Structures are given as structure tokens and as C-alpha cells.
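[1] Return a 3D structure for these sequence lines:
(chains A and B)
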2 protein chains.
Amino acid sequence: MKKQVSTSVIKRLPRYYRYLGELLNCGVERISSKELSEKMGITASQIRQDLNCFGGFGQQGYGYNVEYLYGEIAGILGLNSRYKAILVGAGKMGQALVQNTTFEKRGFTLVGIFDTDPEKIGEEIKGIKISDAKNIKEFIEKEKPTMAVISTPRTVVSQVVRELTDMGIKAFLNFSYAEISPDDDVVVENIHLSDSLMRLCYKISAKGEKKSDNEE
Amino acid sequence: MKKQVSTSVIKRLPRYYRYLGELLNCGVERISSKELSEKMGITASQIRQDLNCFGGFGQQGYGYNVEYLYGEIAGILGLNSRYKAILVGAGKMGQALVQNTTFEKRGFTLVGIFDTDPEKIGEEIKGIKISDAKNIKEFIEKEKPTMAVISTPRTVVSQVVRELTDMGIKAFLNFSYAEISPDDDVVVENIHLSDSLMRLCYKISAKGEKKSDNEE
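    Alright, predicted model coming up:
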């Protein structure tokens, strides 16, 4: 049984997981909340509070056992799952996603890639052939993937998501410009590059940086 | 002079901006907070509260003038700025970023692309030639870009960021696996695909979805 954990803690867990993974790679066996705090830019008390949600992995005067904590967080996040995933839209961004992302370490196995472009169909990315999108229903009925990465043009996103939901897809990683709203049936993670650019633009403006253009 | 606006409101502004842009494209001239609320999945009172931060663009019984509000949010975010940006790391992800992202509409102009791979140097992406990373210092001194998109292998990220900061870069859009921590000198937006995947994995697990693998 999973304990109920607040959304804000869950949001931070992947970051803890990444940091702990880096520490493991460097051969670090244990770390205090204070050291972790300095590395991550979170207060030590926040770290203790976050990690205590799962039953106090730390020991007074010893700190956290990195490998143990790493494993526990993997368990909480469900990263040992092997949810089947498909990629819908094999444009440049979709292809880069597949090339750069280790789905297996994040709880997923990529089992299919779909596109409508005849020039792309039949090509292979990381050993998976790009299939014709018109065969997607048959594929989903057979393979029963849980998740779809959406990397289609924005104009078709809402239709594609509706159809995939009807076919049984339960989760979306949305990489398109359009937004997918979660509802009772599906869970969603939206990644909006344009929003990040806009927030960065705001941060620069707010900091009162002079525009380089004005300096010329 | 910019008013101080809370981080959480700023976080939502790009989403408002995207939605309003879509409405504009569809020829919608005005919209009530209620309608916007239904589209965006935010409460109407939250919307009114958010937008009132900037001085009440809405009119009782009329709603918001879409074009006006769109322009005002652009102004608040500073999207009419033309901060010069460079891309560091022209791998598949870096290239897809440049191909898929309209920097110009988000306050930036991409002026240079850098990589260390001799096979990539000299190639063009969207009309910009990939330059040898060893010439980056000279380029920055001359062009004075404000922002760098980081899409390098994780092992070199911290060194690259340190060097770029020393050369005068003030903002980073981080697309690498490693994290860049903001400090007093620089502002940062981190985009972590792996974190999004992990959060999605958690959401699926938490929903108690059966793994497709177990159903076979």
C-alpha cells in the first residue's frame, strides 16, 4: 500500500533521486541532510521533513545511507515498474526524446513509435520501427501500453488524445505546444518549452538586465 | 517599473498567454473569467485574482478583452524583448529544440550555436551555422548574448555553466540531465524530462493502474 504523500513532496522526489544517483556514481555512501541541503539548495529541515514522510530513513549523527534512500525513492515513485509506453509523433523532437531519454530507468518500456508521414514510417529509432499511425488501435489492443508520449503538431493534439484515451491509454507525457488537461480517467505531465522560455524571459526582465541589443 | 508579482502567478502567466493566443487565433474577442476557467481548469476566482495583480483588465459583465490581455501579459513577461541567446550543444535534442521553438515569440533571438564535434561544426540549423565551441568566448565578447540554452552531456554541464557565467551569460535554459542552480548572478529554468517521466510513473502507480505486463 502506498501512503498518501503531498503533491509538493512528490514533485521534489525526482530531484532527490537524480542527486542521489549522482552521489552513488561518485561512490558516496552516506550524506547528511546538511550536505544534501547545500548541494540541492533546499533547507536541511525541508529535506528531513520530505524524507520523513516515508518513515525516517536518516539516522542521527550518521546521515542518510545513499544507496538505501535511492532504492526507497525508486520504490515510492514506482520506477521499478515496466509500464509500456508509445511515442506518437516522430518528428525531430519526438526522435530526440527517444534518443536522449532512458525510459527504462524511469519506470517505462518504449514499445512502439507512430507517425503519419510515409517518409518516416519504416525507419528505426533505438531499434524500434516507426509504424503507420493508422495501425495504432490494433497495436494498443494487442500490446496494452499504459502511456503515450505526445509529440504531434498542436492542431491535432486534442483529437489524438481523445482517441488514445478511448483506446485505453491511461497516461500522457505531453510534449506538444497544446495543453492536455488531466481528468478522472487519465494522468498527465505537460512539458512546455515555450512556457519555460517565457518564464526565463520574465526573470531576466525582472532582474533589470539590460538588453544586449540596447548596448550596441 | 515592474510591479512585484508572486512567483506562483508568474508561473501561471505563460499558460494564460498560450491560451489567449489560441483564442486570438480562433477569432475570439472577449472571454469571461468563467469561460477561461472552464478551458484552463483553474477556478474563476483564481483567474480574477491572478489577473487583478496587474490592474484589473476585466470588466464586470463584459469579461476580458482577449487581444488587450494578451498584449498586457506579453508586456509583463517581457516577451517583446530581444535578448540574444546561444545554444550550447547541438546534439539531437539541441537541434530539435531550435527547430521546434519559436524563440522570437518568447523574448529571444537565437544568434549562435556551438558544439565540439567536428562533424557538426559548419552545419546549419534554421539558417544558423554551428560554430566550434572553442570560439565561444570571442563570440560572446562581440555579440553579448544574455542567455544560453544548455544541451550538453551531463558530465560537462557544471564546467560549461561556470565558464559561460564568467564570460557574462546571465541566464540559462537548462536541458541537460544535470541541474544548474540559480545564484545571485544568473537566472535559470531547468527542464528535466527524466523528472517528468518519474512523476508520471508515480501518478500511474498511485492511481493503482495495473501494469500492462501483469495482465498478459
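[2] Please give me every residue in contact with A:E138.
    Counting by C-beta atoms under 8 Å, 6 or more residues apart in numbering or on different chains, A:E138 touches no other residue. For the C-beta atoms, the positions are set from N, CA and C on the backbone; glycine is no exception.
[3] ok so it is a strand residue?
    No. Counting by DSSP: H, G, I helix; E, B strand; the rest coil, A:E138 is located in no strand; its state is helix.
[4] chain center to the lengthiest strand in chain A, what's the gap?
    Assignment by DSSP state E gives strand A:108-115 as the longest strand of chain A. Averaging C-alpha positions (C-alpha atoms, centre = their mean, to the nearest Å) puts strand A:108-115 15 Å from its chain's average.
[5] do stretch A:85-100 as well
    So, by C-alpha atoms, centre = their mean, the centroid of stretch A:85-100 is 14 Å from its chain's centroid.
[6] Quick one: end-to-end length of that stretch, please.
    End-to-end distance of stretch A:85-100 (C-alpha to C-alpha, to the nearest Å): 15 Å.
[7] Would it count as contacting chain B?
    Yes. Stretch A:85-100 is in contact with chain B by C-beta under 8 Å from any C-beta of the partner chain, via A:91-93, A:95-97, A:99-100.
[8] so where's chain A uncertain?
    Along chain A, segments meeting pLDDT under 70 span A:1-4, A:54-60, A:209-216.
[9] how about a cut-off of 50?
    A:1-2, A:209-216 (pLDDT under 50).
[10] Look up how far chain B lies from the nearest residue to A:T116 once chain neighbours are set aside.
    In space, A:T116 comes closest to A:A133 once its chain neighbours are excluded; the distance is 4.7 Å by C-beta to C-beta, 6 or more residues apart in numbering or on different chains. To chain B, A:A133 is 19 Å away according to C-beta to the nearest C-beta, to the nearest Å.
[11] wait, what's in contact with A:A133?
    Each residue near A:A133 by C-beta under 8 Å, 6+ apart is listed here: A:88, A:114-116.
[12] Now list the buried members of these.
    Applying 16 or more other C-beta atoms under 10 Å in any protein chain shown to the contacts of A:A133, the neighbour count classes A:88, A:114-115 as buried.
[13] For stretch A:110-121, give me every contacting residue.
    A:84-91, A:94, A:98, A:103, A:125-126, A:128-136, A:139, A:143, A:145.
[14] What residues of it count as buried?
    Within stretch A:110-121, the residues scored as buried using 16+ other C-beta under 10 Å are A:110-115, A:120-121.
[15] correct me, but A:S181 touches B:G41?
    Yes. Counting by C-beta atoms under 8 Å, A:S181 does reach B:G41; the two are 5.0 Å apart.
[16] and which of the contacts of A:A133 is nearest to B:E22?
    Checking the contacts of A:A133 against B:E22 by C-beta to C-beta gives A:V88 as the nearest, at 20.6 Å.
[17] beta partners for the closest one?
    A:V88 has the following beta-bridge partners by DSSP bridges: A:F114, A:I150.
[18] so what does whichever helix in chain A runs longest touch, helix or strand wise?
    When chain A is scanned for its longest helix (criterion: DSSP state H), the result is helix A:7-25. In terms of contacts (3 or more C-beta pairs under 8 Å, 6 or more residues apart in numbering or on different chains; DSSP states H and E), helix A:7-25 is packed against helix A:33-40, helix A:44-52, helix A:66-77, helix B:193-206.
[19] ranking these by burial, who's on top?
    When the helices and strands packed on helix A:7-25 are scored by mean count of other C-beta atoms under 10 Å in any protein chain shown, the highest mean neighbour count falls to helix B:193-206 (a mean of 22).
[20] touching chain A at all, that one?
    Yes. Applying C-beta under 8 Å from any C-beta, one finds helix B:193-206 touching chain A at B:193-206.
[21] care to break chain A down by domain?
    As assigned by automatic domain parsing, chain A contains the domains A:7-77, A:83-195.
[22] Now do the longest one: distance to the chain's middle.
    Here domain A:83-195 shows a centroid-to-chain-centroid distance of 13 Å under the convention C-alpha atoms, centre = their mean.
[23] same check, this time on the shortest one
    Remark: domain A:7-77 is offset 19 Å from the chain centroid, using C-alpha atoms, centre = their mean.
[24] How far does it stretch from one end to the other?
    Taking C-alpha to C-alpha, domain A:7-77 runs 12 Å from one end to the other.
[25] what residues does stretch A:142-156 touch?
    Here stretch A:142-156 has contacts from A:83-91, A:93-94, A:97, A:108, A:111-112, A:157, A:160-161, A:164, A:168-178, A:180, B:200, B:204, B:209, B:211-212, B:215-216, using C-beta under 8 Å, 6+ apart.
[26] Stretch A:128-144 spans what distance, first to last residue?
    Start to finish, the residues bounding stretch A:128-144 are 17 Å apart (C-alpha to C-alpha).
[27] Could you list the buried residues of that stretch?
    Across stretch A:128-144, burial judged by 16+ other C-beta under 10 Å covers A:128, A:130-131, A:133, A:136, A:139-140, A:144.
[28] Show me the two of those that sit farthest apart.
    Largest separation among the buried residues of stretch A:128-144 by C-beta to C-beta: A:I130 and A:K144, giving 20.2 Å.
[29] Just the C-alpha atoms of stretch A:159-169, please, in PDB.
    Included here for stretch A:159-169 are C-alpha records, laid out as PDB according to Å, rounded to 0.1, in the frame of the first residue of the first chain:
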ATOM      1  CA  GLN A 159      -8.200  14.800 -31.200                       C
ATOM      2  CA  VAL A 160      -5.200  12.400 -30.800                       C
ATOM      3  CA  VAL A 161      -5.500  12.400 -27.000                       C
ATOM      4  CA  ARG A 162      -9.300  11.800 -27.100                       C
ATOM      5  CA  GLU A 163      -8.800   8.800 -29.500                       C
ATOM      6  CA  LEU A 164      -6.000   7.300 -27.500                       C
ATOM      7  CA  THR A 165      -7.900   7.700 -24.300                       C
ATOM      8  CA  ASP A 166     -10.800   5.800 -25.900                       C
ATOM      9  CA  MET A 167      -8.300   3.100 -26.900                       C
ATOM     10  CA  GLY A 168      -7.300   2.700 -23.300                       C
ATOM     11  CA  ILE A 169      -4.200   4.900 -22.800                       C
END
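[30] which residues sit against it?
    Stretch A:159-169 has contacts (C-beta under 8 Å, 6+ apart) with A:86, A:88, A:136-137, A:140-141, A:144-148, A:150, A:152, A:172, A:180, A:185-186.
[31] ok, 10 Å please
    Residues outside stretch A:159-169 that contact it (C-beta atoms under 10 Å, 6 or more residues apart in numbering or on different chains): A:85-86, A:88-89, A:114, A:133, A:136-141, A:144-148, A:150, A:152-153, A:156, A:170, A:172, A:174, A:176, A:178, A:180-181, A:183, A:185-186, A:188, B:212.
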